[in-house]
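Student: Kindly return the folded structure for what I paste below:
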Amino acid sequence: MTPPLPTTPDANHNSNHAARVLAHRRRTTVVQWIRRTHGWFGLWGAVLGLLFGFSGIWLNHRNVLKLPQAQERTRAQLALPDPVPDTPEAMSQWLQGALRMSGPPNSSRIEPAKPVAWADKSDKSAPALTQPAHWVFNFGGPNETVQADYWQGNRSVGVNTTHNGFVATLTSMHKGGGMPLAWILLVDTLASSLIFLSVSGVALWMLTHRRRRVGLALFGASLAAMLAIAFSAL
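Tutor: Numbering: from 1, shown residues only. Next up, the predicted model:
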């Protein structure tokens, strides 16, 4: 049996050097992939990021700085046909045509008839007072919203129309008011991109900077400040 050859210091050095080179190549490959993907995700969300950044700043400061949003509100009464639509579905279809809306209501609130809370319950022989059914339908998009308010038994529908200016339209788009499903899904991709950009940004810092403690300290300070301010407002 042939005894194993003794290892020399040069052989150990070469082996360690090869391992370091291989690890460096793998690290470089990972960094390049993260950096490239980080750039593509950032490019995808650039336009929406500008839109949401502007509208987000406006929404964040609108109450403190009393920032106005150009809006024009009008109120009107719309007479109902004879016979009156007797179901929420029939009413929404009639309102869509009467108000010349391009689509069905974005949302609706249907409250059935119910006893009023302030009724006198001491007289058992008196008929119970009930509040009629209340139907609310919301139409329109980010630039214009139309709310139809109907109390069952009335011969007309109250219609409140809000015409939004440029800034109000942007903030409405930011909140998804009156926007189609395609817009909601598009914004979901932006939100997913922001999550990835946050994670990949931290990963790039950790992989390309030797002073990792500085990055961790900055990240921890940011997280602590956010949590402290958020919990102080609760």
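
Student: Dead centre of this structure: give me the residue that sits there.
Tutor: What sits nearest the mean C-alpha location of the chain, by Cα atoms, centre = their mean, is residue 175, with 5.9 Å.

Student: what does the model give that residue for pLDDT?
Tutor: Here, the pLDDT recorded for residue 175 equals 82.

Student: So what are the sheet partners of the strand or helix carrying residue 162 and their directions?
Tutor: Assigned by DSSP states H and E, residue 162 falls within strand 156-164. Sheet pairing of strand 156-164 (DSSP bridges) gives strand 71-79 (antiparallel), strand 144-151 (antiparallel).

Student: From the chain's centroid, how far away is the last one?
Tutor: Spelled out, it's strand 144-151. 24 Å (Cα atoms, centre = their mean, to the nearest Å).

Student: I'd like to know which elements the longest helix anywhere in the chain is packed against.
Tutor: Longest helix in the chain, counting residues (DSSP state H): helix 9-44. Applying 3 or more Cβ pairs under 8 Å, 6 or more residues apart in numbering; DSSP states H and E, one finds that helix 9-44 contacts helix 181-208. Backbone N, C-alpha and C define where each C-beta goes, glycine included.

Student: So what's the gap between the helix it packs on and the chain middle?
Tutor: If you compare the mean C-alpha spot of helix 181-208 with that of the full chain, they lie 14 Å apart, counting by Cα atoms, centre = their mean.

Student: how does the protein divide into domains?
Tutor: Following automatic domain parsing, one finds the domains of the chain at 71-118+126-175, 180-220.

Student: Low-confidence ranges, the protein, go.
Tutor: 1-14, 63, 65-70, 118-128 (pLDDT under 70).

Student: hey, which of the strands paired with strand 156-164 is tucked in deepest?
Tutor: Greatest average neighbour count among those goes to strand 144-151 (a mean of 19), per mean count of other Cβ atoms under 10 Å.

Student: now the angle from the one helix or strand residue 49 maps to to helix 181-208?
Tutor: Residue 49 belongs to helix 46-61 when assigned by DSSP H and E. If you take axes from the mean of the first three to the mean of the last three Cα atoms, to 10 degrees, helix 46-61 sits at 100 degrees to helix 181-208.

Student: which residues sit against helix 46-61?
Tutor: 67, 167, 170-171, 173-175, 186-187, 190 (Cβ atoms under 8 Å, 6 or more residues apart in numbering).

Student: Tell me what angle that helix forms with helix 9-44.
Tutor: Using the same axes, to 10 degrees: helix 46-61 against helix 9-44 is 70 degrees.

Student: Could you list the buried residues of helix 46-61?
Tutor: 48-49, 52, 55, 58-59 (16 or more other Cβ atoms under 10 Å).

Student: one step back: buried residues, the strand holding residue 162. List them.
Tutor: Buried residues in strand 156-164, counted by 16+ other Cβ under 10 Å: 157, 159, 161-164.

Student: just to revisit the earlier point, with distance to residue 41 added, can I get the buried residues of helix 46-61 in JSON lines?
Tutor: Listed next are the buried residues of helix 46-61 as JSON lines, based on distance: Cβ to Cβ, whole Å:
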{"residue": "48", "distance to residue 41": "12"}
{"residue": "49", "distance to residue 41": "11"}
{"residue": "52", "distance to residue 41": "15"}
{"residue": "55", "distance to residue 41": "21"}
{"residue": "58", "distance to residue 41": "25"}
{"residue": "59", "distance to residue 41": "24"}
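
Student: before we move on, the earlier item: got the buried residues of strand 156-164 as a markdown table, with distance to residue 228 columns?
Tutor: Formatted as a markdown table, those follow (distance: Cβ to Cβ, whole Å):
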| residue | distance to residue 228 |
| --- | --- |
| 157 | 49 |
| 159 | 47 |
| 161 | 43 |
| 162 | 38 |
| 163 | 41 |
| 164 | 36 |
